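[1] Kindly return the folded structure for what I paste below:
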Amino acid sequence: MNQLYKGIVRIVSVSLFSIFVFSGCASFAGRELPMYTNDQLAAPEKKISASYDVKAFGLHGENAGVALTIDKKIQKVLTESHIFADLQSGTNSGDYHYSFVFRNEGKPGETLAFINGFVSGFTFGVIPAYARDIYIITVDVKQGDRVLKTYTYKDHMDSWIQLFLVVLTPFNWPPTVGDSVIDNMIMNFAHDFSGDIKSGVYLAQEQGNLITDSHK
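    Reported below is the predicted structural model:
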C-alpha cells in the first residue's frame with residue numbers, strides 16, 4: 001500500500017493473510033469539502049504563471065516519498081484547470097509561488113491499530129478493523145518571500161476491513177478513494193484561489209495584509 005494512506009496501512013500490516021483472501025477492504029470519503037469541477041473555476045482575465053513546493057508529514061515526521069506523490073497530484077489537478085499558463089514545481093518564479101504542506105493525522109494510533117488489526121485477522125474478518133486518515137493541506141500563496149494569503153483544507157477517509165465488505169471492495173478500493181479525496185482538496189484550492197483573483201481579494205496585498213482562509 002502507498003505510504004500516503006497510513007491509517008489503512010497500519011491495519012493491513014498486522015492482519016493475517018487470510019483476511020485478504022476471504023474479507024473485503026473498503027474506504028469511504030469523508031466529503032467535508034464541496035466537490036468542484038474545472039467548469040466551476042473562475043477564469044482569470046490573464047492566465048496565471050506560478051510555481052510551487054511541497055512538504056508532507058505523517059505520524060513519524062516529514063516524508064519525502066509522500067511529498068513526491070502529492071507533487072504529482074498538484075501538477076495533475078492544477079494543470080488540467082484552465083487558470084494556469086505555466087506551473088513549475090520546485091522553483092520560485094512566476095506571478096505567485098505556492099508552498100503546500102500536507103499532513104496525515106490518522107487514527108487510531110499504532111498500538112490500537114495493531115490490536116484492531118490482529119483481532120480482525122484472528123477472526124477472519126468477522127470482527128471489523130477500522131482506521132481514519134485525516135488529511136490537512138495548507139497552502140501559503142507568496143510573492144517572493146512574502147506570504148499573501150494562507151488557505152487550509154481538511155478532509156478524511158474511513159477504511160474498514162471485514163468479511164462482509166468483499167462485494168464493496170472493487171468500488172471502494174482505499175488508494176482510489178484516497179486519491180479522490182486529496183484531488184478534491186487541491187481542486188478546492190484552485191477554486192478558491194481563482195475566485196479570489198477574479199473578485200480582487202488580492203488587492204489587499206498592496207496594503208501588506210496577511211489573509212487567512214480556513215476550510216476545516
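
[2] Which other helices and strands does the strand ranked longest in the chain contact?
    Determined from DSSP state E, the single longest strand within the chain is strand 146-162. The contact analysis (3 or more Cβ pairs under 8 Å, 6 or more residues apart in numbering; DSSP states H and E) places strand 146-162 against helix 6-12, strand 24-29, helix 110-122, strand 129-143, helix 174-199, strand 211-215. (C-beta placed from N, C-alpha, C; glycine too.)

[3] Could you list the paired strands of that strand along with their orientation?
    strand 24-29 (antiparallel), strand 129-143 (antiparallel), strand 211-215 (parallel) (DSSP bridges).

[4] and it, what's its mean pLDDT?
    The pLDDT scores in strand 146-162 average 93.

[5] Now do stretch 182-202: distance to the chain's middle.
    15 Å (Cα atoms, centre = their mean, to the nearest Å).

[6] Tell me the secondary structure of the residue nearest to residue 191 when sequence neighbours are not counted, please.
    Nearest residue to residue 191 in three dimensions, chain neighbours excluded: residue 36, at 4.6 Å (Cβ to Cβ, 6 or more residues apart in numbering). Following DSSP: H, G, I helix; E, B strand; the rest coil, we place residue 36 in the coil state.

[7] for residue 36, what are its contacts?
    Each residue near residue 36 by Cβ atoms under 8 Å, 6 or more residues apart in numbering is listed here: 184, 187-188, 190-191.

[8] Look up phi and psi at it.
    Main-chain torsions, residue 36, degrees, to the nearest 10: phi -120, psi 150.

[9] Student question: in this structure, what's the helix or strand with minimum average pLDDT?
    Least confident helix or strand of the chain, by mean pLDDT, DSSP states H and E, is helix 18-22 with a mean of 49.

[10] Residue 97 is in what secondary structure piece?
    Secondary structure from DSSP states H and E places residue 97 in strand 96-104.

[11] what pLDDT, on average, does that strand get?
    97.
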